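In: got a structure for you, letters missing:
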């Protein structure tokens, strides 16, 4: 296997994709939870209402992933990301004017369209060919940008909402999209770059992929884990607020969990390189389950809640690596967008359903122990599926990929 030397342009591209995920993507999917308590107080919406907005956003990120992958394969990742960044900026500007639930849902649709186009899918495809030896770690590094962005979002937003209100905060988020837009415009090449070790066999079609057992094993495990972790993440601030924790402290706990996700991405990426994508997933799911178990048994006002956030964040972050590392391990990096997008459907459906279901159960029971216990069971189910399907999800070496794909 031959590898291309890493150049300054390679590292600059890596940094740019990190910023895209830290600002455009992370703000796109993590900006709304800090607004939830203020929406409930200002507009008198219930918990299911406020979480439904981001559920729409996350649902679109998932179900549109095959379409985004097709656009990436046809028009290059750069074009897709530039368009997506503009849509995210527009969505935040529109959300600054929100006064009704219908407007909120409609503007979240725009946000979902933009977020889908600046997701891990196109950014992973940009850097995959550059880092053939340490691809899992490279994917983990740029995905760590999501952890950085999600750490900053609740702290910055909560402070600004308290000082300047909801409209000003959304406008600030909209303006911040200029950073990834300009970097993408001037740094990322508008081309399909082919990795030197791409297998000679073709990437499987959608019909061929859905007939592979590994697709369903990985996919179902992704769905369960994403559902469980988002059920916690989307409602953590609301849970802590209801338990008497101050808004700024609650935001700090969520920020720590989402910041710890950066380390989780690096660890799971390293495991994907040295062992397999499956090993990275197992590590991540175990951390998610342990984090939820600890949350159920820790007093919200105690300092131990920060350690809970640290453990949960490890798994929460690592699972974001799963789809690209699986796709690259089995099928290479060249024009793999549509196949990668199909894995993201499972991830997107899980993230879309987790937060809103937990919020709905809370609205009925007025207790968080019920939905959080359910999320723990769902995370364990995801781990069980992955362990039970071990023989179908072993690492596939480059020489074996053509046979698998044909």
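Out: It's in. Keep in mind it's a predicted model, so treat the numbers as computed, not measured.
In: in contact with the residue nearest the centre of the chain, which residues?
Out: Taking C-alpha atoms, centre = their mean, the centroid of the chain lies closest to residue 320, which sits 5.0 Å from it. By C-beta atoms under 8 Å, 6 or more residues apart in numbering, the residues touching residue 320 are 120, 143, 146, 261, 265. Where C-beta positions appear, they are placed from N, C-alpha and C, glycine not excepted.
In: quick one: the last one from residue 30, how far?
Out: What that stands for is residue 265. 14 Å (C-beta to C-beta, to the nearest Å).
In: quick one: average pLDDT of stretch 93-107?
Out: Average pLDDT, stretch 93-107: 94.
In: kindly check the end-to-end length of that stretch for me.
Out: From its first residue to its last, stretch 93-107 covers 9 Å (C-alpha to C-alpha, to the nearest Å).
In: give the buried residues for the helix or strand harbouring residue 270.
Out: Element membership for residue 270, per DSSP states H and E: helix 247-274. Neighbour-count burial for helix 247-274 flags 247, 250-273 (criterion: 16 or more other C-beta atoms under 10 Å).
In: and what of stretch 158-169?
Out: Buried-residue list, stretch 158-169, by 16+ other C-beta under 10 Å: 158, 160, 161, 166, 169.
In: check stretch 51-67 too.
Out: By 16+ other C-beta under 10 Å, the buried positions in stretch 51-67 come out as 51-66.
In: ditto for stretch 216-235
Out: 216-235.
In: could you pull up the mean pLDDT of that stretch?
Out: Averaged over stretch 216-235, pLDDT sits at 92.
In: same check, this time on stretch 7-27
Out: Taken as a whole, stretch 7-27 has a mean pLDDT of 91.
In: how about the helices in the stretch 1-150 of the chain?
Out: 8-19, 26-30, 36-43, 47-63, 65-75, 77-95, 101-117, 120-127, 135-164 (DSSP state H, counting those that start in this stretch).
In: again, but for the stretch 301-406 of the chain
Out: Going by DSSP H, counting those that start in this stretch, the stretch 301-406 of the chain shows helices at 304-318, 322-331, 337-365, 369-388, 401-405.
In: tell me the most buried of the ones you listed?
Out: Compared across those, helix 322-331 shows the largest average neighbour count, a mean of 26 (mean count of other C-beta atoms under 10 Å).
In: next, the angle from it to helix 135-164.
Out: If you take axes from the mean of the first three to the mean of the last three C-alpha atoms, to 10 degrees, helix 322-331 sits at 160 degrees to helix 135-164.
In: which residues does helix 322-331 contact?
Out: 120-121, 124-125, 128, 135-136, 139, 199, 203-204, 214, 218, 222, 268-269, 272, 276-277, 280-281, 284, 336, 339-340, 343-344, 347, 395-396, 401, 404-405.
In: just stretch 361-375 next, same as before
Out: Residues from elsewhere that reach stretch 361-375, judged by C-beta under 8 Å, 6+ apart: 46-48, 227-229, 231-232, 235, 238-239, 242, 292, 295-296, 354, 357-359.
In: okay, now that stretch: how far is its last residue from its first?
Out: The first and final residues of stretch 361-375 sit 11 Å from each other (C-alpha to C-alpha).
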